[in-house]
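In: from the sequence below, what's the structure:
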Amino acid sequence: MVVLGWLLLRWSRRQGWGPRHVLAAAGSALVVRAGLSFLVEPLGDIDGTVKYAVNAATLGGVAALLLMAAHRLRRQEPSAC
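Out: Okay, the predicted model is just below:
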């Protein structure tokens, strides 16, 4: 984790690093976190159906948030024409 953090810090200082790179770095952390929730055993006596429904809703929310952010970035970029 330390090496990955160091690499991310080093890459972020390079020329050409922009908002899309920031979204990719932050978005990947969110997707991994939401995905790992399927592997973690919840505290208490929780029904498996409820666990997977909540995890799927969370993953769907993360995906929707990232898609909206990517769409907003695309709209803000200057046109190539």
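
In: CA only for contacts and neighbour counts going forward, please
Out: Will do.

In: biggest helix in the protein, by residue count?
Out: As assigned by DSSP state H, the longest helix anywhere in the chain is helix 48-76.

In: against which helices or strands is that one packed?
Out: Under the contact definition 3 or more CA pairs under 8 Å, 6 or more residues apart in numbering; DSSP states H and E, helix 48-76 sits against helix 19-36.

In: and the spatially most central residue of the chain, what is it in contact with?
Out: Nearest to the mean C-alpha position of the chain, counting by CA atoms, centre = their mean, stands G27 at 2.3 Å. Going by CA atoms under 8 Å, 6 or more residues apart in numbering, G27 touches L66.

In: distance of it from T49?
Out: 26 Å (CA to CA, to the nearest Å).

In: before we move on, what about L65?
Out: 24 Å.

In: of these two, who's got more company?
Out: L65 (13 against 9; other CA atoms under 10 Å).

In: any low-confidence regions in the chain?
Out: Across the chain, the ranges flagged by pLDDT under 70 are 79-81.
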